[in-house]
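>>> Return a 3D structure for these sequence lines:
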Amino acid sequence: MKKIALIGCGAYMDNGYGCPGEWRCLKAAALGEGHFAEPSQVVAFLKCECPGRTLVANMGMAVKLSEIKPDAIYLSTCLANAKPGCPYTTPEDMAKALEAKIGVKVVIGTHGYH
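Have a look, this model is predicted:
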């Protein structure tokens with residue numbers, strides 16, 4: 001089974017903007033729906049906290065301490081499609097930074113549930 005890490009938007013999760021924290025991402029991963037090609041095991045779930053400066057380091061620490069390197073990192077749908085968008089970075093720039101530091105493919109988006 002593919003091992004994945006999820007990253008959600010902390011502002012969406014904490015402020016109730018339609019992301020409850022996030023059962024939809026977990027459901028899509030478990031069932032292999034949405035952006036997941038197959039059922040996947042979630043080995044890490046992190047929140048991006050504004051302004052996002054610690055996200056890459058926190059993911060690096062999660063991988064190091066858990067001793068489980070994910071096969072892919074997924075940026076949640078709420079993070080990827082935030083309206084208004086993040087004032088600090090873009091999902092694409094976040095993905096590039098994570099891939100460079102962690103050495104794991106980053107997928108932008110998790111599901112299409114409403």
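
>>> Quick check, His82 in contact with Cys9.
Not quite, residue 82 is Ala, not His. Yes - here Ala82 reaches Cys9: they are 5.7 Å apart, a contact under CB atoms under 8 Å. In this view, the C-beta of every residue, glycine as well, is placed from N, C-alpha and C.

>>> what about these two, which has more around it?
Between Ala82 and Cys9, Cys9 has the larger neighbour count (other CB atoms under 10 Å), namely 26 against 18.

>>> Now the closest residue to that one other than its chain neighbours: phi and psi?
Among residues not flanking Cys9 along the chain, Leu79 sits closest, at 4.0 Å (CB to CB, 6 or more residues apart in numbering). Leu79 has phi and psi values of phi -70, psi -40 when expressed as degrees, to the nearest 10.

>>> Buried residues of the lowest-mean-pLDDT helix or strand in the chain, list them for me.
Lowest on mean pLDDT, DSSP states H and E among the helices and strands of the chain sits helix 10-15, with a mean of 82. Using 16 or more other CB atoms under 10 Å as the burial criterion, the residues of helix 10-15 that qualify are 10-13.

>>> How about stretch 87-103?
By 16+ other CB under 10 Å, the buried positions in stretch 87-103 come out as 89, 91, 94-95, 97-98, 102.
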